[in-house]
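Peer 1: Build me a model:
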Amino acid sequence: MHSLGTGNRDLVKYAFLFLLMLLVLPLLNIVSAESAPLFMQVDFIFHSQRAYLAVALALVAFYFIARDKVFHEPKKSRANWLFLAAGLGLFVLVSFIQVPFFTALQSGLAQVDGQGIHYDRLGLLGTTFTLGDTELSNTNIAVKREVIISNYDSLSQKVAVRWFGSWSGKGNLSDKTKVILAVNDKEFDVSSEFLKAAKNEVALMSVQVDKAALKPGSNSLMLRLNSSGDKATISVARHFYYHTDSLVSYDSGKTFSRDDGIVLLFIDDGRRPGFLESAVFLYKPLLILAAFILLFIGLFGIRFSKHLYAAAKTEVYASVLSALGFFMLLRLLETYWKPIALAALAITSPLLNLFFHNATLATDGMRCPQIGLSEYSVMVCKGSSGFESAVLFSFLSLLILVTNWKFISQQKFLLLYVLGLLGTVLVNGLRIFLILTIGALFSREFASGFFHTNVGWVMFLLYSAAFWLLCLPLIRKKG
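Peer 2: Below you'll find the predicted structure:
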């Protein structure tokens, strides 16, 4: 074997290009979705996030596990360009083939249950969004959506209006409770749909309406509680992310105002994605992983890739298993996200009161705590709770411990790890404070969009790197 000497410039160059692609290629998601509707943006920006993270974690693990390995200099070949083109082409494919959220929902690609909104079938690498709800009340609260129909002429004479609803409470639901769906100026009694659902179960509900009740362009859908003789609570599911085109009334449907999240109430217009669109939507994380493998072979060459695998086969498998282990740990610990979120909010709330004096924090009876100011507020759900950052910090810390076991004091390491873990909560509290400050003083769209998407991982990476760079010298054994 040959060591990585200073003259091995090609290897350094290709490694730099590969890491640059890891950072830059996700931006295709934002570029392709810049002018797209809300849920296309959610899909592109968040749906594939875990695939990029998996690649990054595997690379980090490989560095720690195999950094003392030596490799041959990569050799250029015709196949390099073929693999490189294939990898880039696959990235473009998964970035620009779009399935709007409600099209995915009505076709069954996106699935909803009590655990959340599931975007794919990939288990550990899959994406699940937190599910919210709005409780209907016959005294003040109703929900409303404006739905655009662009293919009115192709609709059948009977069209399904669908929503995800549930009921809960101390009592049972009976025919005393009346739920009304208003479609433009027509009203439908949909109480039976709730009666068919099991208690505490989020169920897909629907009613058939005549095509004549609809119209080309904008259509108004409203769900309200007409009367309730039970102690049960009627709820309609919502998707918490970014801006909303859902409305909530607090005066029995006379006026409406925007509220957090979009209510899952829609018209099934019969559109179904094709085979390619469905495959990209369901298996996007796997396609992204395949694209990175193609890019790696394209940059480094077949000969070098074979040599790398032969020389460090064990380390390659260990790196992949380490990345998968991180996601398994996430799955095991995800039920504990709420205490971590509340700890972060205990930092955010005093900071808001210090600078703005009108902070509000609502936690009782809510699936996701809500914090904010009179000008702007946010829901802090599982994805924003900071528990993923805490698990990722633990993963990186474990790699440092395993690869430096002989050279550091394990007792001091454990103490610093606990302090560092608490620090991730502090960082998340500051992140939420920054989002709210920017949203209240400058731009809600920027705060909820680009800033929210990127500030978390930037702050966390800077924090983790600074923490261990400063602390590792403190725990090294002398001599």
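
Peer 1: okay, CA-based contacts and neighbour counts for the rest of this
Peer 2: Will do.

Peer 1: Output the below-cut-off pLDDT ranges for the stretch 251-400 of the chain.
Peer 2: By pLDDT under 70, the weakly predicted segments of the stretch 251-400 of the chain are 252-253, 258-260, 365-367.

Peer 1: Likewise for the stretch 101-250 of the chain?
Peer 2: Applying pLDDT under 70 to the stretch 101-250 of the chain flags residues 120-125, 138-139, 228-230, 240-246.

Peer 1: All the strands of it, residue numbers only.
Peer 2: Ranges of strands within the stretch 101-250 of the chain are 111-113, 116-118, 128-129, 131-135, 142-149, 158-168, 178-183, 186-189, 203-210, 217-227, 233-239, 246-249, based on DSSP state E, counting those that start in this stretch.

Peer 1: The second one pairs with which strands?
Peer 2: Strand 116-118 has the following sheet partners, assigned by DSSP bridges: strand 111-113 (antiparallel), strand 128-129 (antiparallel).

Peer 1: List of residues touching it?
Peer 2: Contact with strand 116-118 is made by Ala110, Gln111, Val112, Gly126, Thr127, Thr128, Phe129, Thr130, Leu131, His239, as judged by CA atoms under 8 Å, 6 or more residues apart in numbering.

Peer 1: Make TSV from the strands paired with strand 116-118 and add distance to Ala212 and mean neighbour count to it.
Peer 2: Output for the strands paired with strand 116-118, formatted as TSV (distance: least, CA to CA, whole Å; neighbours: other CA atoms under 10 Å):
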stretch	distance to Ala212	mean neighbour count
strand 111-113	29	18
strand 128-129	35	20
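
Peer 1: what would the ones you listed look like in TSV with distance to Lys158?
Peer 2: Formatted as TSV, the strands paired with strand 116-118 follow (distance: least, CA to CA, whole Å):
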stretch	distance to Lys158
strand 111-113	24
strand 128-129	32
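
Peer 1: related to what we said a few turns ago, which pair in the contacts of strand 116-118 spans the largest distance?
Peer 2: Greatest spatial distance in those: Gly126 and His239, 17.1 Å, computed using CA to CA.

Peer 1: Quick one: closest of the strands of the stretch 101-250 of the chain to Arg303.
Peer 2: Among the strands of the stretch 101-250 of the chain, strand 128-129 comes nearest to Arg303, with 39.3 Å by CA to CA.

Peer 1: roughly how far out does that closest one sit from the chain middle?
Peer 2: Offset of strand 128-129 from its chain centre (CA atoms, centre = their mean, to the nearest Å): 6 Å.

Peer 1: Stretch 263-270 too?
Peer 2: With CA atoms, centre = their mean, you get 22 Å for stretch 263-270.

Peer 1: So what touches that stretch?
Peer 2: So stretch 263-270 is in contact with 102, 106, 133, 143-145, 147, 149, 151, 155, 159-164, 221, 236-239, 246, going by CA under 8 Å, 6+ apart.

Peer 1: Okay, buried residues for that stretch please.
Peer 2: Using 16 or more other CA atoms under 10 Å as the burial criterion, the residues of stretch 263-270 that qualify are Val263, Leu264, Leu265, Phe266, Ile267, Asp268, Asp269.

Peer 1: now do the same end-to-end measure for it.
Peer 2: 20 Å (CA to CA, to the nearest Å).

Peer 1: try stretch 371-387
Peer 2: 18 Å.

Peer 1: hey, what's the nearest residue to Val263 once chain neighbours are set aside bridged with?
Peer 2: With CA to CA, 6 or more residues apart in numbering as the criterion, Val263 has its nearest non-adjacent residue at 4.2 Å, and that residue is Arg238. Beta-bridge partners for Arg238, by DSSP bridges, are Gly132, Val263.

Peer 1: For Arg238, which residues are in contact?
Peer 2: Listed by CA under 8 Å, 6+ apart, the contact set of Arg238 reads Leu131, Gly132, Asp133, Thr134, Gly261, Ile262, Val263, Leu264.

Peer 1: what does Ala197 give?
Peer 2: Taking CA under 8 Å, 6+ apart as the test, what Ala197 contacts is Ser166, Trp167, Ala203.

Peer 1: And it, how close does it get to Asn172?
Peer 2: Distance from Ala197 to Asn172, by CA to CA: 11 Å.

Peer 1: can you check Ile347 too?
Peer 2: Per CA to CA, Ile347 is found 40 Å from Asn172.

Peer 1: These two: which has the busier surroundings?
Peer 2: Relative neighbour count places Ile347 above the other of Ile347 and Asn172, with 18 against 13, counting by other CA atoms under 10 Å.

Peer 1: hang on, that one packs against Ile432?
Peer 2: No: at 9.4 Å, Ile347 does not count as touching Ile432 under the criterion of CA atoms under 8 Å.

Peer 1: Not counting its neighbours along the chain, what's nearest Leu105?
Peer 2: Nearest non-adjacent residue to Leu105 (CA to CA, 6+ apart): Gln111, at 6.6 Å.

Peer 1: Could you give the bridge partners of the one you found?
Peer 2: His118.

Peer 1: longest helix anywhere in the protein?
Peer 2: Secondary structure of the chain per DSSP state H: the longest helix is helix 410-441.

Peer 1: Which other helices and strands does the helix or strand following that helix contact?
Peer 2: Using DSSP states H and E, the helix or strand that directly follows helix 410-441 along the chain is helix 444-446. Judged by 3 or more CA pairs under 8 Å, 6 or more residues apart in numbering; DSSP states H and E, the packing partners of helix 444-446 are helix 410-441.

Peer 1: And the helix it packs on, what's buried?
Peer 2: Of all the residues in helix 410-441, those buried under the rule 16+ other CA under 10 Å are 410, 413, 416-417, 420-421, 423-440.
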